[in-house]
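my questions concern the predicted model and sequence given below.
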Amino acid sequence: MNANLESLYEIAKKPSRIIIGLMSGTSLDGLDVALCKITGSGETTEVQLLEFDTVDYSEEIKSEIRSVFAKPTIDFQKLVLLNEWIGILHADMILDCLNRWKIPASKVDLVASHGQTVFHAPKILHQLEKFTNGTLQIGDGDHIAVKTGIITISDFRQKHIAAGGEGAPLAVYGDYFLFSKKGENRIMLNMGGIANFTFLPSNHNPEEVFVTDTGTGNTLIDAFTRLSFPDKAYDKDAEIAKKGIVNLSLLEALKADDFFQAPFPKTTGPELFSIEYVRNAQTKSGTENISIEDLLATLTRFSAETIAEAINSTISNTTYPIESFTIYMSGGGAHNPLLTGWLKELLSCTFTNTDSLGISGDAKEAILFAILANETVSGGNSDFGSRKGIPSVSMGKISFPS
Ligand SMILES: Nc1ncnc2c1ncn2[C@@H]1O[C@H](COP(=O)(O)OP(=O)(O)OP(=O)(O)O)[C@@H](O)[C@H]1O
Ligand SMILES: CC(=O)N[C@H]1[C@@H]2OC[C@@H](O2)[C@@H](O)[C@@H]1O[C@H](C)C(=O)O
């Protein structure tokens, strides 16, 4: 047997594995690196987060990614070169983290790499009859495997599409394995660049679990903060938005897009929720000249209302009362007091953070990819039924170091 396959076989047989989960999301703030000890698989999965770090992206990295990010027309050579460059960068970031944590690479069984999404094109966005859903994550796993010497599993979203999904949200798998609890109605709400939630009903039935994106989370707030304040990456603690007043005409125009009429589950990205999207809504509502404070207040309210409406409409299609749900928030938006304050007004549920379940909300998505890699090598037996958007498949491609 090939020696690489032999070591993978040994890793698959272990009762627990050390897996580094990597996530770099749509906010382009940095690479989340989660060193996890994972025991069991599927519903018996237990995760211990041994170390976690967000390695900030330098302005150079951000600007290179932005040169191709979410743009329908780009320099093709740049995309090809970035695929290698990001793989190598991520490998270096892993090695730096391991060095700081004083953990030799030989102690790590697997790297689980999400890569950098550069374009997400579900059919609802591209609307081209003959093409299926599409998504592209770059930062090739072979570079990570060769540079770190650790078997790397990457490119998780393609199998999801091949099995009928949109390539996202994948959070549902980790959310079900870790957080579904008999007797408690839970919503796991992640507010990153894009917001999504997983519905985990109290009967713990995998066939009733549900997941969807809701629309923009922080992506528009970040984009307009950067436009007016080039030295600020985001509206920290909503300091700017808090000084503004929500513009109701603009809010109505922002909410008028077909995306919000499309049935659940659905996915989206900054390809739709862009500066141009907001400019169009401003033109339609005659609000081109509002202040940046009012604009950010309105964009924050837009996120809050669309998240709340998606959750309310999902729950109202079930027999569970809304008051019986606890919402566990995660992602950067959970740190935005204006956004979370409005959500609490709009949804009559109990609110807390995933940290209260022992999983840091900032690390949750990186942990998710470690869980998916764990499933690839030693799980894959969970059945989510035949509903749209949660295919019961293993995901990821395996790269060997040699
Ligand atoms: N203190 C804070 N106040 C306001 N917003 C914050 C705060 N901290 C983080 N954020 C927001 O969270 C964002 C980062 O969130 P996160 O890292 O969850 O996004 P992501 O993982 O890149 O996105 P996605 O989940 O869509 O891929 C920042 O860009 C900012 O908008
Ligand atoms: C294509 C893509 O990268 N989508 C991300 C993005 O960020 C949040 C939301 O949009 C979610 O659908 C997804 O990531 C998480 C990790 C997911 O798949 O669950």
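Ah, there it is. Residues are numbered from 1 along each chain as shown. Ligands and ions are numbered 1, 2, ... in the order given.

on the pLDDT front, check residue 382 for me.
Note on residue 382: pLDDT of 89.

which of the helices or strands spans it?
Per DSSP states H and E, residue 382 falls between elements, in no helix or strand.

for residue 18, see how far away residue 265 is.
Separation of residue 265 from residue 18 (C-beta to C-beta, to the nearest Å): 33 Å. Every residue, glycine included, has its C-beta placed from N, CA and C.

give me every residue that touches the residue of the stretch 101-250 of the chain at minimum distance from ligand 1.
In the stretch 101-250 of the chain, the residue that lies nearest ligand 1 is residue 192 (2.0 Å; C-beta to the nearest ligand atom). By C-beta atoms under 8 Å, 6 or more residues apart in numbering, the residues touching residue 192 are 25-27, 217-218, 331-333, 365.

out of those residues, who's near ligand 1?
Residues of these in contact with ligand 1 (C-beta under 6 Å from any ligand atom): 25-27, 218, 331-333, 365.

got a list of contacts for stretch 314-323?
Residues from elsewhere that reach stretch 314-323, judged by C-beta under 8 Å, 6+ apart: 185, 197, 199, 201-202, 210, 212, 264, 312, 325, 347-349.

residue 39 and residue 19 touch, don't they?
No: at 11.1 Å, residue 39 does not count as touching residue 19 under the criterion of C-beta atoms under 8 Å.

so which of these two has more stuff around it?
Comparing residue 39 with residue 19 by other C-beta atoms under 10 Å, the one with more neighbours is residue 19, at 27 against 15.

now the more buried one: phi and psi?
phi -130, psi 130 (degrees, to the nearest 10).

you'd agree it is up against residue 36?
Yes: shown here, residue 19 and residue 36 form a contact pair, counting by C-beta under 8 Å, at 5.2 Å.

intersection of neighbour lists for those two?
residue 370.

so which of residue 265 and residue 18 has more stuff around it?
Just comparing residue 265 and residue 18: by other C-beta under 10 Å the higher neighbour count belongs to residue 265, 22 against 19.

which element is that one on?
Applying DSSP H and E, one finds residue 265 in no helix or strand.

that one against residue 212, yeah?
Yes: look at residue 265 against residue 212 with C-beta under 8 Å: they come within range, at 3.9 Å.

need the overlap of contacts for the two.
Counting by C-beta under 8 Å, 6+ apart, the shared contacts of residue 265 and residue 212 are residue 389.

show me the contacts for residue 183.
residue 202.

torsion angles phi and psi at it?
Dihedral angles (degrees, to the nearest 10) for residue 183: phi 90, psi -10.

need the contact list for residue 269.
Contacts of residue 269 (C-beta under 8 Å, 6+ apart): 26, 70, 117, 119-120, 125, 193-194.

how near is residue 8 to residue 316?
Residue 8 is 46 Å from residue 316, where distance means C-beta to C-beta.

for the contacts of residue 192, give me CSV that also has neighbour count and pLDDT.
Listed next are the contacts of residue 192 as CSV, based on neighbours: other C-beta atoms under 10 Å; pLDDT from 0 to 100:
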residue, neighbour count, pLDDT
25, 23, 92
26, 22, 91
27, 21, 89
217, 30, 98
218, 28, 97
331, 25, 96
332, 21, 95
333, 27, 97
365, 24, 97
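
max pairwise distance over those residues: which two?
Farthest-apart pair in these is 218 and 365; separation 13.6 Å (C-beta to C-beta).

which helices and strands does the helix or strand hosting residue 83 pack with?
Following DSSP H and E, one finds residue 83 within helix 76-101. Where contact means 3 or more C-beta pairs under 8 Å, 6 or more residues apart in numbering; DSSP states H and E, helix 76-101 is packed against strand 16-24, strand 30-39, strand 46-56, helix 59-66, strand 110-121, strand 134-138, helix 141-148.

can you check the pLDDT for residue 107?
So, for residue 107, pLDDT stands at 98.

what's near enough to touch it?
Going by C-beta under 8 Å, 6+ apart, residue 107 touches residue 18.

repeat for residue 307
Residue 307 is in contact with 189, 191, 195, 197, 214-215, 217, 343, counting by C-beta under 8 Å, 6+ apart.

next: residue 171.
Residues near residue 171 by C-beta under 8 Å, 6+ apart: 188, 190, 196, 198, 211, 364-365, 368.

look up how far residue 233 lies from residue 226.
7 Å.

just give the number of residues close to residue 7.
15.

excluding chain neighbours, give the residue nearest to it in space.
Spatial nearest neighbour of residue 7, chain neighbours left out: residue 151 (7.0 Å); criterion: C-beta to C-beta, 6 or more residues apart in numbering.

what sits against the one you found?
Residue 151 neighbours (C-beta under 8 Å, 6+ apart): 4, 7-8, 11, 109-111, 145, 398-401.

how about TSV for the residues you listed, with distance to residue 74 added?
Listed next are the contacts of residue 151 as TSV, based on distance: C-beta to C-beta, whole Å:
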residue	distance to residue 74
4	35
7	38
8	36
11	37
109	36
110	32
111	27
145	27
398	29
399	25
400	31
401	31
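
make a PyMOL selection of the buried ones in those.
To isolate in PyMOL the members of these that are buried, counting by 16 or more other C-beta atoms under 10 Å, one can use:
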select buried, resi 8+11+109+110+111+145+398+399+400+401
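
quick check, nearest of the contacts of residue 151 to ligand 2?
residue 111 (16.5 Å).

for the closest one, list each beta-bridge partner.
residue 20, residue 152 (DSSP bridges).

pull the contacting residues for it.
Going by C-beta under 8 Å, 6+ apart, residue 111 touches 19-20, 22, 94, 141, 144-145, 148, 150-153, 373.

now residue 333
By C-beta under 8 Å, 6+ apart, the neighbours of residue 333 are 191-192, 195, 217-218, 303, 339-340.

how far off centre is stretch 159-173?
12 Å (C-alpha atoms, centre = their mean, to the nearest Å).

in that stretch, which residues are buried?
By neighbour count on 16+ other C-beta under 10 Å, the buried set for stretch 159-173 is 159-161, 165-173.

in helices, which of these appear?
Among the buried residues of stretch 159-173, DSSP state H puts 159-161, 171-173 in helices.

could I get those residues in CSV, plus columns for distance to residue 392 and pLDDT?
As requested, these are exported to CSV (distance: C-beta to C-beta, whole Å; pLDDT from 0 to 100):
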residue, distance to residue 392, pLDDT
159, 11, 97
160, 11, 97
161, 15, 98
171, 16, 97
172, 11, 97
173, 10, 97
